[in-house]
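Asker: here's my sequence, what's the structure:
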Amino acid sequence: QVQLVESGGGLVQPGGSLRLSCTVSRFTLDFDAIGWFRQTPGKEREGVSCISKSGYTFYPDSVKGRFTISRDHAKNTVYLQMNSLKPEDTAVYYCAADLGYCGPYGLGPGPANYWGQGTQVTVSS
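Answerer: Sure thing, here's the model as predicted:
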């Protein structure tokens, strides 16, 4: 069973930064792609970034230029650096491994459905 543990969420003022971490219980290179999603009550889950085994990265327009995904294979960890945060970035952020898709049209979970427990990000003054 694959386990993913997110950390790094918290309360930050608008314009501030946070770095989320996702530590995976298997080698990150075992997976074709790993990504981050977010969800707020009453809204659909939104994919915010993914990184493929080859290093391809995707960001939707809502976070492009502000968020950066990276990985450290030696630590089996994927990071999401979030800068210039806005109140609309407030959500629970989830890490997902073994994505079914990570490409120009976005990202989507895979059949294995590996998810972390989520970490709350609140952007408020």
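Asker: dump the residue contacts of the most centrally placed residue in the chain.
Answerer: Centroid-nearest residue in the chain: Trp36, 2.1 Å away (criterion: CA atoms, centre = their mean). When contacts are counted by CB atoms under 8 Å, 6 or more residues apart in numbering, Trp36 is found next to 20, 22, 47-50, 69, 78, 80, 93-96. Bear in mind the C-beta positions are built from the backbone N, C-alpha and C, glycine included.
Asker: what about burial for these, which qualify?
Answerer: Neighbour counting with 16 or more other CB atoms under 10 Å marks 20, 22, 47-50, 69, 78, 80, 93-96 as buried within the contacts of Trp36.
Asker: quick one: the residue nearest to the centre of the chain is in a helix?
Answerer: No - going by DSSP: H, G, I helix; E, B strand; the rest coil, the assignment for Trp36 is strand, not a helix.
Asker: make 39 the first number, not 1, from now on.
Answerer: Yes, from this point I'll number from 39; that puts the last item at Trp74.
Asker: beta partners for it?
Answerer: Beta-bridge pairing for Trp74 (DSSP bridges): Ser87, Cys133.
Asker: in a markdown table, list the buried ones among the contacts of Trp74 along with pLDDT.
Answerer: Output for the buried ones among the contacts of Trp74, formatted as a markdown table (pLDDT from 0 to 100):
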| residue | pLDDT |
| --- | --- |
| Leu58 | 98 |
| Cys60 | 96 |
| Gly85 | 96 |
| Val86 | 97 |
| Ser87 | 98 |
| Cys88 | 97 |
| Ile107 | 98 |
| Val116 | 96 |
| Leu118 | 98 |
| Tyr131 | 98 |
| Tyr132 | 97 |
| Cys133 | 96 |
| Ala134 | 96 |
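Asker: of all these, which comes closest to Ala150?
Answerer: Ala134 (9.5 Å; CB to CB).
Asker: distance between stretch 45-56 and the chain's centre?
Answerer: 14 Å (CA atoms, centre = their mean, to the nearest Å).
Asker: ditto for stretch 74-86
Answerer: 11 Å.
Asker: what about that stretch, how long is it end to end?
Answerer: End-to-end distance for stretch 74-86: 6 Å, by CA to CA, to the nearest Å.
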